[in-house]
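Trainee: I'll drop the sequence and a predicted model, then ask my questions.
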Amino acid sequence: MLPGANEAMLAALLGAAIMGAVALGGQFLVNRHQRQRDLRLERSGRMANLLAGSHAAVLALGILAQADMAEKAVLERDFRSGVDRMNIEMNAIRVLDPKPVVDAAQELDLSMLKLMNLVLDHP
């Protein structure tokens, strides 16, 4: 072997190990950032779906409120469809989102329940 070859090999190995560690660290940061972005998108999607379901339910409630008692049973199906969408998202929010988001979603749910009871019980 040539003089200094061991040092050169050691330096090359050390350089490769450092480059590998930097690459792994960089990939970790990229993956972490992407996961946080994905979580934000998922959360906003759940909230958008919850609000879309509540909007559909409120529109159906408006029609129900103006209907006579005989029509209410038929029209209630459209309302239930919006409520079903809300319930699916409510369950996901309860499991996946932080407490302030869950609390706000539950307030919306309780308000919708009160409104529904008012409309369905009123002749």
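Mentor: Sure thing, it's come through.

Trainee: now the helices for this structure?
Mentor: Counting by DSSP state H, the chain forms helices over residues 5-66, 69-96, 99-121, given from the N-terminal end onward.

Trainee: with mean neighbour count and mean pLDDT added, can I get the ones you listed in TSV?
Mentor: Heads up, the C-betas are built off the backbone N, CA and C, glycines and all. Supplementary listing: those in TSV, determined by neighbours: other Cβ atoms under 10 Å; pLDDT from 0 to 100:
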stretch	mean neighbour count	mean pLDDT
helix 5-66	13	87
helix 69-96	15	82
helix 99-121	13	87
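
Trainee: at the geometric centre of the protein, which residue sits there?
Mentor: Residue closest to the average C-alpha location in the chain (Cα atoms, centre = their mean): residue 43, at 2.5 Å.

Trainee: now do the same contact list for it.
Mentor: Going by Cβ atoms under 8 Å, 6 or more residues apart in numbering, residue 43 touches 96-97, 101.

Trainee: next one: residue 101
Mentor: The neighbours of residue 101, taking Cβ under 8 Å, 6+ apart as the test, are 43, 47, 93.

Trainee: if we can go back for a sec, dump the contacts of residue 43 to JSON lines, plus distance to residue 112.
Mentor: As requested, those are exported to JSON lines (distance: Cβ to Cβ, whole Å):
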{"residue": "96", "distance to residue 112": "20"}
{"residue": "97", "distance to residue 112": "18"}
{"residue": "101", "distance to residue 112": "17"}
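
Trainee: looking at these, spot the one nearest residue 51.
Mentor: Comparing the contacts of residue 43 against residue 51 with Cβ to Cβ picks out residue 101 as the nearest, at 12.4 Å.

Trainee: so what does residue 67 look like in phi/psi?
Mentor: As for residue 67, its main-chain torsions (degrees, to the nearest 10) stand at phi -90, psi 150.

Trainee: and it, how many residues sit next to it?
Mentor: Residues within reach of residue 67, counting by other Cβ atoms under 10 Å, total 15.

Trainee: from residue 47, how far out is it?
Mentor: Distance of residue 67 to residue 47, given as Cβ to Cβ, to the nearest Å: 30 Å.

Trainee: for residue 38, same thing?
Mentor: 15 Å.
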